[in-house]
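Peer 1: Got a sequence here, can you model it:
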Amino acid sequence: MARTLAAMLIILLLAPTVLCAQRLDSYVPYEDGEFPLWTYKIRRSEQIFFGSMIITIPIASLAYSLMVNNNLVAAPQSEAQSYLIRGAIAASLSLGISVADYVIGEVRNR
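Peer 2: Numbering: from 1, shown residues only. Sure, this is the predicted structure:
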């Protein structure tokens, strides 16, 4: 009953947006100078950051597990803390990769 009511409420809230929306006459592609250069650099950094997370998460998990098993670092007090530490290590590695790419790009452009 609650799901049906929630679905009907969503439909009633979203239906007027379809009826009131303006039709797009034609597609207008982006022009060359429409966005400033720094937005392209931020977009590239974002793509590299999240793209490298695919590699850094397993590496960080493996390295952290090995360090805990060999008593090089203190064992976490909970499983959630372990996940947070692994995520922080992976994010730090990805951030380092993004910053390195930015620095390399800036040095090459000079």
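Peer 1: which of the residues in stretch 78-97 are buried?
Peer 2: When burial is assessed from 16 or more other C-beta atoms under 10 Å, stretch 78-97 yields the following buried residues: 82, 85-86, 89-90, 93-94, 97. (Glycine included, C-beta is placed from N, CA and C.)
Peer 1: Check the gap between residue 64 and residue 90 for me.
Peer 2: Separation of residue 64 from residue 90 (C-beta to C-beta, to the nearest Å): 9 Å.
Peer 1: so where do the helices sit in the protein?
Peer 2: When assigned using DSSP state H, the helices of the chain occupy the ranges 2-20, 37-69, 79-108.
Peer 1: What is the nearest of the buried residues of stretch 78-97 to residue 15?
Peer 2: Nearest to residue 15, judged by C-beta to C-beta, of the buried residues of stretch 78-97 is residue 94 at 41.7 Å.
Peer 1: pLDDT at the closest one, what is it?
Peer 2: Looking at residue 94, its pLDDT stands at 97.
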